[in-house]
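Enquirer: When you get a sec, could you give me coordinates for this:
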Amino acid sequence: MMFRWLKKPLVFRNRGFLPFFYFFEVRKPQKQNHMVLLLRNPIYTQLLVINMRKITEDAIKALYEKRDFKRDNTEVKQVINYMSATSCMVMYLHGNGIAKLERNNLYIRHAGWQTNTTKERLNGLPNVNIHQKDFTWYLNDRRWENGNEWTIV
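Expert: All right, here's what the predicted structure looks like:
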């Protein structure tokens, strides 16, 4: 249950004083899609909530389940290399490959597009933490120099 304070006070003026009584209403909580991670730090324990969009969650699930997926600007499909008789699963954003799962190894890149959408899709992958500072991308707290090339995670 969630409580929300009402903004309008109930005022009694008949006794010469103005006590304010605030009432609250009970609302049902809304369903939220998020992952909760508990980060342990030598100094403190912090609860971090990562909101992941539904399309990102579904695309990553399809990538690891090795099945095709397409919704809006995101697509996951199997790519077969007939010369080496191998296949891999690739996640595409606007037609550019940004994540590749090959022989249980995860490769990522931003394909020259350092956008918030690319960052959000890649941050949904396990063991990937991308943040930006002064227009520079950092992958797992290291400067990500060449994001156009496939980087193993």
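Enquirer: Next, the nearest residue to Arg71 once chain neighbours are set aside: secondary structure please.
Expert: Of all residues not flanking Arg71 in the chain, Ile55 sits nearest, at 5.4 Å (CB to CB, 6 or more residues apart in numbering). Any C-beta I mention is one placed from the backbone N, CA and C, and that applies to glycine too. Here Ile55 is recorded as helix under DSSP: H, G, I helix; E, B strand; the rest coil.
Enquirer: Same question for Leu63.
Expert: Quick answer, by three-state DSSP: Leu63 is helix.
Enquirer: That one - how many residues pack around it?
Expert: Residues within reach of Leu63, counting by other CB atoms under 10 Å, total 21.
Enquirer: residue contacts, it?
Expert: 69, 76, 89, 91, 99, 101 (CB atoms under 8 Å, 6 or more residues apart in numbering).
Enquirer: go on, Ala85?
Expert: With contacts defined as CB under 8 Å, 6+ apart, Ala85 has no neighbours.
Enquirer: And it, what's its pLDDT?
Expert: Looking at Ala85, its pLDDT reads 82.
Enquirer: Show the pLDDT at Glu25.
Expert: pLDDT, Glu25: 46.
Enquirer: i'd like the first residue to be 15 from this point on
Expert: Okay, residue one is now 15; in that scheme the one you just asked about reads as Glu39.
Enquirer: Excluding covalently adjacent residues, which one is nearest to Val167?
Expert: In space, Val167 is closest to Leu120, 4.7 Å off (CB to CB, 6+ apart).
Enquirer: hmm, back to that, could I get the contacts of Leu77 as JSON lines with pLDDT and neighbour count?
Expert: Below are those laid out as JSON lines (pLDDT from 0 to 100; neighbours: other CB atoms under 10 Å):
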{"residue": "Phe83", "pLDDT": "97", "neighbour count": "18"}
{"residue": "Val90", "pLDDT": "97", "neighbour count": "24"}
{"residue": "Met103", "pLDDT": "96", "neighbour count": "20"}
{"residue": "Met105", "pLDDT": "97", "neighbour count": "25"}
{"residue": "Ala113", "pLDDT": "97", "neighbour count": "24"}
{"residue": "Leu115", "pLDDT": "95", "neighbour count": "19"}
